[in-house]
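Trainee: sequence and predicted structure are below.
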Amino acid sequence: MTNIYSSASEMADSLAKKEYSSVELTQQHLDRIADVDGKVSAFLHVDAEGALTQAAAVDAKRVRGEKLSPLAGVPLALKDILAQKGIPTTAGSKILEGWRPPYDSTVVTKLKEAGVVILGKTNMDEFAMGSSTENSAYGTTQNPWDLSRTPGGSSGGSAAAVAAFEAPLAIGTDTGGSIRQPAALTGIVGVKPTYGGVSRYGVVAYSSSLDQVGPFGRTVLDAALLHEVIAGHDERDSTSINAPIPQVVAAAKRLDVKGMKIGVIKELSGPGFQAGVSQRISESLELLVAAGAEIVEVSCPSFEFALAAYYLIAPSEASSNLARFDSMRYGLRVGDDGSKGAEEVMSITREAGFGKEVKRRIILGTYALSSGYYDAYYGSAQKVRTLVKQDFEKAFGQADVLVSPVTPTTAFKIGEKSEDPVAMYLSDIATIPVNMAGIGGMSLPVGLADEDGLPVGLQIMAPVMQDDRFYRVGGTLEAALLSKWGKPLLANIPELGGVA
Ligand code: GLN
């Protein structure tokens, strides 16, 4: 019998043993989406026909005895920022409404080659700008733990789909926290790989020097399995790293942290963090000590300026990247009645097609890059970026991995921060330094906060291309937590879980 509540690796095992087919498993997820997505709104587009066709193709190969990759036949939800041939791709924006890419992004090509079944495209903050999925032009996504709260963002649709058992796996992108933050707020595992570890070819660009694609799963092993499918060098992405893929699956299975040094970042703890968040984080550190790790304290003074610098660098790059949405080549065109010139049509289209936050960022970015202010803003921000890198390097001299909470608070209410951009920006205070330095990080669910019963995420960070380290620590801690709780964290979802 198929079971949507099992992990992706369990599903893969059952498929390999022919206990059920991928068509059955895919259909069961499509049914689940039909049942619950009216409440969660994780998906912008469900490709039932395409998914069942992919599933049938994997089943046929299995029947023929062909060699299949480990995740063949397992369903997945795809953030609507990745191009998938013939399937609507909006990046959460009106300006791309109706666009069907004529090609696949490299990540989609790799998923298809691995036989992973793509169920559909998930909701997101417009152009990945946001921390709550409320900036989507297509409505907000609800957190499956509490439908009055946001799932975080910008990859909120992908995270909510996995937490609500609509898909066992999902793909997100993370520019300043958009995989780790929603993973933390929905109680699942989310990974931002090392910058350059996964190809950005065919990913709608937000801030190219920070954007990174990564996996979501309900377990560390599931995230690792997906990570190995999507990672690897791609000559179509000039920033792609040409080096062997970190062995993250083996690391996730290792279940041993003896002798590892875990650095707690002083600047990312203390009074700014919700009490229930800090509480669960310190308990996880105790479990890691019991498993043989050593805790050290490290200091990263530049992190104080990282958020401010990020909000100059990311909008600056965005203001350049978004210039391509000119209403001429593809996407929306408004006001083209024959009486107006190209520039006027462009301006009317952008006015109608871009949302408030996107316009704010374009204005901010254009200003920061303008000749009179370039050094004062963009130049200073780049200097902070160098300092952040140096702080990480120093800290990694003292510890194998670094840890902090993923977010200052648990999931906030829909509407709570949407009128206050700075309050929203602050949700990424702990995740942004990782993107600035180009290193990788994981969000691991470590319990529910006492105050509100909502999930808390621990962030585990490792040096460039050492992503296996946070899988090793994450896998070990996950096993320790599971034996403490006796059941997975997601079994506590009140409204939609249905897991006994
Ligand atoms: N919240 C941050 C921003 O709005 C990060 C978003 C992301 O990682 N895509 O830029």
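Mentor: Yep, that arrived. Small disclaimer: the values here were computed from a predicted structure and weren't measured.
Trainee: give me the nearest residue to the residue in the stretch 401-500 of the chain positioned nearest to the ligand, chain neighbours excluded.
Mentor: At 4.7 Å from the ligand, residue 428 is the closest residue in the stretch 401-500 of the chain, using C-beta to the nearest ligand atom. For glycine as for every other residue, the C-beta is placed from the backbone atoms N, C-alpha and C. Counting by C-beta to C-beta, 6 or more residues apart in numbering, residue 177 is the residue found nearest to residue 428 once chain neighbours are left out, at 4.0 Å.
Trainee: the one you found belongs to a helix?
Mentor: No. Assigned with DSSP: H, G, I helix; E, B strand; the rest coil, residue 177 falls outside any helix and is coil.
Trainee: so it makes contact with residue 424?
Mentor: No. In terms of C-beta atoms under 8 Å, residue 177 does not count as a neighbour of residue 424; the distance is 11.4 Å.
Trainee: ok, these two, which is more surrounded?
Mentor: residue 177 (32 against 23; other C-beta atoms under 10 Å).
Trainee: give the intersection of the neighbour lists for residue 177 and residue 424.
Mentor: residue 131 (C-beta atoms under 8 Å, 6 or more residues apart in numbering).
Trainee: let me know the pLDDT of the residue of the stretch 401-500 of the chain closest to the ligand.
Mentor: For residue 428, the model assigns a pLDDT of 95.
Trainee: ok, it to residue 434 distance?
Mentor: 10 Å (C-beta to C-beta, to the nearest Å).
Trainee: anything in contact with each of those two?
Mentor: Residues touching both residue 428 and residue 434 by C-beta under 8 Å, 6+ apart: residue 177.
Trainee: residues in this protein within reach of the ligand, list them.
Mentor: Residues of the chain that fall close to the ligand, judged by C-beta under 6 Å from any ligand atom: 128-131, 154, 174-178, 206, 314, 428.
Trainee: select from these the one having the most neighbours.
Mentor: Of these, with other C-beta under 10 Å as the count, residue 178 tops at 36 neighbours.
Trainee: surely that residue meets residue 128?
Mentor: Yes. Taking contacts as C-beta under 8 Å, residue 178 lies within contact range of residue 128: 5.7 Å.
Trainee: which residues do the two both contact?
Mentor: By C-beta under 8 Å, 6+ apart, the residues touching both residue 178 and residue 128 are 154, 155.
Trainee: does residue 139 count as helix, strand or coil?
Mentor: Applying three-state DSSP: residue 139 is coil.
Trainee: oops, could you answer that again for residue 476 instead?
Mentor: Quick answer, by three-state DSSP: residue 476 is helix.
Trainee: on that earlier part again, what's the residue of the stretch 401-500 of the chain closest to the ligand in contact with, if anything?
Mentor: Here residue 428 is in contact with 131, 176, 177, 181, 307, 310 (C-beta under 8 Å, 6+ apart).
Trainee: list just the nearest of the residues you listed to the ligand.
Mentor: The closest of the contacts of residue 428, once distances to the ligand are taken by C-beta to the nearest ligand atom, is residue 176, at 3.1 Å.
Trainee: how about the secondary structure of the closest residue to residue 377 other than its chain neighbours?
Mentor: If the residues on either side of it in the chain are set aside, residue 377 comes closest to residue 368, at 4.0 Å by C-beta to C-beta, 6+ apart. Following three-state DSSP, the label given to residue 368 is helix.
Trainee: and for residue 368, the neighbour number?
Mentor: Residue 368: 21 neighbours (other C-beta under 10 Å).
Trainee: just residue 360 next, same as before
Mentor: Quick note: residue 360 (other C-beta under 10 Å) scores 14 neighbours.
Trainee: for residue 172, see how far away the residue in the stretch 201-350 of the chain that the ligand sits nearest to is.
Mentor: The ligand sits closest to residue 314 of the stretch 201-350 of the chain, with a gap of 5.1 Å, by C-beta to the nearest ligand atom. Residue 314 sits 16 Å away from residue 172, going by C-beta to C-beta.
Trainee: before we move on, what's the pLDDT of the residue in the chain sticking out farthest from the centre?
Mentor: What lies farthest from the middle of the chain is residue 339; by C-alpha atoms, centre = their mean that is 43.9 Å. We have a pLDDT of 96 for residue 339.
Trainee: next: the one 10 residues further on.
Mentor: Per-residue confidence (pLDDT) for residue 349: 96.
Trainee: try residue 330
Mentor: 84.
Trainee: leaving out the residues flanking it, which one is nearest to it?
Mentor: residue 99 (5.7 Å).
Trainee: tell me both backbone torsions, phi and psi, for the one you found.
Mentor: Taking degrees, to the nearest 10, you get phi -80, psi 130 for the backbone angles of residue 99.
Trainee: next: residue 204.
Mentor: Dihedral angles for residue 204 - degrees, to the nearest 10 - are phi -60, psi 120.
Trainee: so it touches residue 129, yeah?
Mentor: No. With contacts defined as C-beta under 8 Å, residue 204 does not count as touching residue 129, sitting 11.4 Å away.
Trainee: just to be sure, residue 78 is in a strand?
Mentor: Yes. Using three-state DSSP, the assignment for residue 78 is a strand.
Trainee: number the residues from 44 up from this point.
Mentor: That works, and once the first residue is 44, the last one we named lands at residue 121.
Trainee: and it, what does it touch?
Mentor: Shown in contact with residue 121 (C-beta under 8 Å, 6+ apart): 127, 151, 154, 161, 162, 163, 164, 165, 201, 213, 214.
Trainee: how near is it to residue 154?
Mentor: From residue 121 to residue 154 the distance is 8 Å (C-beta to C-beta).
Trainee: in the chain, which spans are strands?
Mentor: Secondary structure of the chain by DSSP state E: the strands cover 86-89, 118-122, 160-165, 212-216, 232-235, 256-260, 304-308, 337-341, 444-448, 483-491, 498-505.
Trainee: for residue 105, find the nearest of these.
Mentor: strand 160-165 (12.9 Å; C-beta to C-beta).
Trainee: can you state the direction angle for that closest one and strand 212-216?
Mentor: Angle between the axes of strand 160-165 and strand 212-216 is 40 degrees (criterion: axes from the mean of the first three to the mean of the last three C-alpha atoms, to 10 degrees).
Trainee: how about the CA coordinates for strand 160-165, as CSV?
Mentor: Extracted in CSV, the C-alpha atoms of strand 160-165 (Å, rounded to 0.1, in the frame of the first residue of the first chain):
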residue,chain,number,x,y,z
VAL,A,160,8.1,12.8,-11.0
ILE,A,161,7.3,16.6,-11.1
LEU,A,162,3.8,17.1,-9.7
GLY,A,163,3.7,20.9,-10.4
LYS,A,164,4.9,24.3,-9.6
THR,A,165,4.8,25.9,-6.2
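Trainee: centre-most residue in this structure?
Mentor: Compute the mean C-alpha point of the chain, and by C-alpha atoms, centre = their mean the closest residue is residue 222, 2.0 Å away.
Trainee: identify the residues contacting it.
Mentor: With C-beta under 8 Å, 6+ apart, residue 222 has these contacts: 198, 202, 215, 216, 233, 234, 235, 257, 258, 259, 486.
Trainee: any chance of those in JSON lines, with pLDDT and neighbour count too?
Mentor: Shown next, in JSON lines, are the contacts of residue 222 (pLDDT from 0 to 100; neighbours: other C-beta atoms under 10 Å):
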{"residue": "198", "pLDDT": "98", "neighbour count": "37"}
{"residue": "202", "pLDDT": "98", "neighbour count": "36"}
{"residue": "215", "pLDDT": "98", "neighbour count": "34"}
{"residue": "216", "pLDDT": "98", "neighbour count": "28"}
{"residue": "233", "pLDDT": "99", "neighbour count": "35"}
{"residue": "234", "pLDDT": "99", "neighbour count": "32"}
{"residue": "235", "pLDDT": "98", "neighbour count": "34"}
{"residue": "257", "pLDDT": "98", "neighbour count": "32"}
{"residue": "258", "pLDDT": "99", "neighbour count": "33"}
{"residue": "259", "pLDDT": "99", "neighbour count": "34"}
{"residue": "486", "pLDDT": "98", "neighbour count": "38"}
